[in-house]
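Peer 1: Got a predicted structure plus its sequence, pasted below:
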Amino acid sequence: MTDVNEVNKQVIAQFRAQGGTVGGFFEGKQLLLLHTVGRRTGQERVNPLVYAADGNCFLVCGTARGAERDPAWVGNVAAMPKVTIEVGEQILKATPTVVTHASPDWERLYGIWSAYWSDSAQYETRTSRKFPIVKLEPDASGDDLLE
């Protein structure tokens with residue numbers, strides 16, 4: 001079995017070395033790096049995630065490739081008022097909103113994301129849970145752009 005942490009480290013390194021472009025499994029897809037802090041460990045985490053755009057917002061999805069539980073990063077994001085994201089060569093602060101299937105906006109947002117990431121249909125066959133969408137709204141002020 002492939003160690004997901006090792007694969008993520010390689011994807012992150014390639015993302016940063018190539019200005020946000022990644023090959024292999026993610027070739028041709030929009031990817032961002034989501035920075036969170038572990039709610040139990042307090043350790044910084046970075047997760048490479050496919051995103052779809054919704055206006056000026058970025059949509060990422062907690063599929064965990066169809067696992068029975070949401071990925072840990074979703075819970076970490078839910079506990080954070082702001083997150084840092086890397087998109088291309090930019091580093092931005094963003095306000096996250098976790099949108100569950102109980103939300104009236106979930107169907108629209110999940111539709112946007114799943115239309116962009118067609119593998120979601122396969123992931124859905126592996127579990128009965130509905131995947132949470134995380135809407136990342138970049139801070140409007142240019143002051144929040146990190147260098």
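Peer 2: Happy to help now that I have it.
Peer 1: What is the burial count for Phe15?
Peer 2: Close neighbours of Phe15, defined as other Cβ atoms under 10 Å, add up to 21. To be clear about C-beta, it is placed using only N, CA and C from the backbone, and glycine gets the same treatment.
Peer 1: so what's it scoring on pLDDT?
Peer 2: Reading off the confidence values, Phe15 has pLDDT 96.
Peer 1: In contact with it: list those residues for me.
Peer 2: Counting by Cβ atoms under 8 Å, 6 or more residues apart in numbering, Phe15 touches Thr21, Val22, Leu31, Leu33, Pro48, Glu86.
Peer 1: which among the residues you listed end up buried?
Peer 2: Among the contacts of Phe15, those buried by neighbour count (16 or more other Cβ atoms under 10 Å) are Val22, Leu31, Leu33, Pro48, Glu86.
Peer 1: just so I have it, where are all the helices in this structure?
Peer 2: Using DSSP state H, the helices assigned to the chain run over residues 4-17, 72-78, 106-116, 120-124.
Peer 1: of all these, which lies closest to Val60?
Peer 2: helix 106-116 (7.6 Å; Cβ to Cβ).
Peer 1: Run the chain-centre distance for stretch 45-62.
Peer 2: 4 Å (Cα atoms, centre = their mean, to the nearest Å).
Peer 1: and the nearest residue to Thr95 once chain neighbours are set aside, how many neighbours does it have?
Peer 2: Closest residue to Thr95 in three dimensions, ignoring its sequence neighbours and counting by Cβ to Cβ, 6 or more residues apart in numbering: Glu137, at 4.8 Å. Around Glu137 there are 14 other residues, counting by other Cβ under 10 Å.
Peer 1: before we move on, the earlier item: turn the helices of the chain into TSV, including distance to Ala53.
Peer 2: Compiled in TSV, the helices of the chain are given as follows (distance: least, Cβ to Cβ, whole Å):
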stretch	distance to Ala53
helix 4-17	18
helix 72-78	18
helix 106-116	8
helix 120-124	16
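Peer 1: No more questions from me, cheers.
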